[in-house]
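Undergrad: next come a sequence and a model predicted from it.
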Amino acid sequence: MKRSGLQFALILSLLLNLGVIAAVGYLAVKRGQLPVVFDHDAKEANLPDYLKLTAEQRQQWHNLETGFLKELAAGWQQIRPHRENMINEIFSERPDRGRIETERAAIAQLQAGQQQRVIEQLLSERDIIDHGQRRALAELLARQAPSGTMEEQLHGQ
């Protein structure tokens, strides 16, 4: 494979998986799977407990979370057919780079929207927590260590 082809594949992989990694990490945090994602010491944890939210904060947090998780799932449903079309085109008998690029661009646009939604969610959550809780959440998110892309895992990296 030409060097430019490898670069294209790498860029494509990074774009595809950037949104996936962000969403999976965020969902893991929201579902209390902190030990797996962040190598946290606790056996079982959930974010409201980790942040020591008050009852009022927990209610506000829950209200924010409900619609967000539905929107995130709907976004992945929109991405899925573009991803499948792109993969099918890449591995077709005669790949059409124009079609591949069209699907990649559609995926990138949808992922950018999802990333913006995650940012908006975090800003909304930031507004209901105090300084110490913000610092704890920021540190937790900064420690997130993605396990690598599916492509890296499939190719033994």
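TA: Arrived safely, thanks for sending. Numbers count the residues shown, from 1 in each chain.
Undergrad: for residue 95, give me phi and psi.
TA: According to degrees, to the nearest 10, the main-chain angles of residue 95 amount to phi -60, psi 140.
Undergrad: looks like it contacts residue 87 (just checking).
TA: No - counting by C-beta atoms under 8 Å, residue 87 is not a contact partner of residue 95; they are 10.6 Å apart. Where C-beta positions appear, they are placed from N, C-alpha and C, glycine not excepted.
Undergrad: show me the shaky parts of this protein.
TA: Low-confidence regions of the chain, defined here as pLDDT under 70, cover residues 1-45, 145-157.
Undergrad: what comes up buried for the helix ranked longest in it?
TA: In the chain, ranked by residue count with DSSP state H as the criterion, the top helix is helix 55-90. Of the residues in helix 55-90, those buried by neighbour count under the rule 16 or more other C-beta atoms under 10 Å are 57, 60-61, 64-65, 68, 72, 75, 79, 82-83, 85-86, 89-90.
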